[in-house]
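Chemist: Could you work out the structure for the sequence below:
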Amino acid sequence: MIPMPLQMVPAGLTAYFSRCNVPAAITVVWISNPVTWPLMIYWQYRLGVWVLGEQAQPVSSVDAMAGALLDLTLPLLVGCLICGIIVAPVSYVVVALLWRNVAKRWWRRHRPMPGDLSSKKR
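Modeler: Residues are numbered from 1 along each chain as shown. I've put the predicted structure just below:
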């Protein structure tokens, strides 16, 4: 839930130090980008504004956006942190359950049949 493109660095480092597939980790973080990224950032900012009790900053022009960038940073990061804390464990459980289901099916399909000569020890 870190704003783009900064999420690649922690994903790659975490995968490297936990001995996981680094290219897969870096590739998967791009699932949320670029189509869903603007909407996610918008709602994370709105969540951060709400949690901090601030007023949302209206941005009407590019100059106003550049000037308001610092005002937008704290609410955005707070919203990203909250979303990450919620999404991480939920997605972990969902992926673990899906993987378990896929592995069970694979093992059922590849189980040796009774009477199969190739499954007996020679």
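
Chemist: Go ahead and confirm T14 touches I26.
Modeler: No. Between T14 and I26 there is no contact under CB atoms under 8 Å: 10.5 Å. (Each C-beta comes from the backbone N, C-alpha and C, glycine too.)

Chemist: higher neighbour count, these two?
Modeler: Applying other CB atoms under 10 Å to T14 and I26 shows that I26 carries more neighbours, namely 15 against 12.

Chemist: And for the one helix or strand that one maps to, what's in contact with it?
Modeler: Per DSSP states H and E, I26 falls inside helix 22-28. By CB atoms under 8 Å, 6 or more residues apart in numbering, the list of residues contacting helix 22-28 from outside reads M8, A11, G12, T14, A15, Y16.

Chemist: For the chain, which residues score under the pLDDT cut-off?
Modeler: For the chain, the stretches with pLDDT under 70 are 3-5, 32-34, 57-70, 113-122.

Chemist: mind checking how far L76 is from T27?
Modeler: Taking CB to CB, to the nearest Å as the measure, L76 and T27 are separated by 25 Å.

Chemist: cool, and L52?
Modeler: Distance, L52 to T27, by CB to CB: 34 Å.

Chemist: same question, P89
Modeler: From P89 across to T27, the span is 22 Å (CB to CB).
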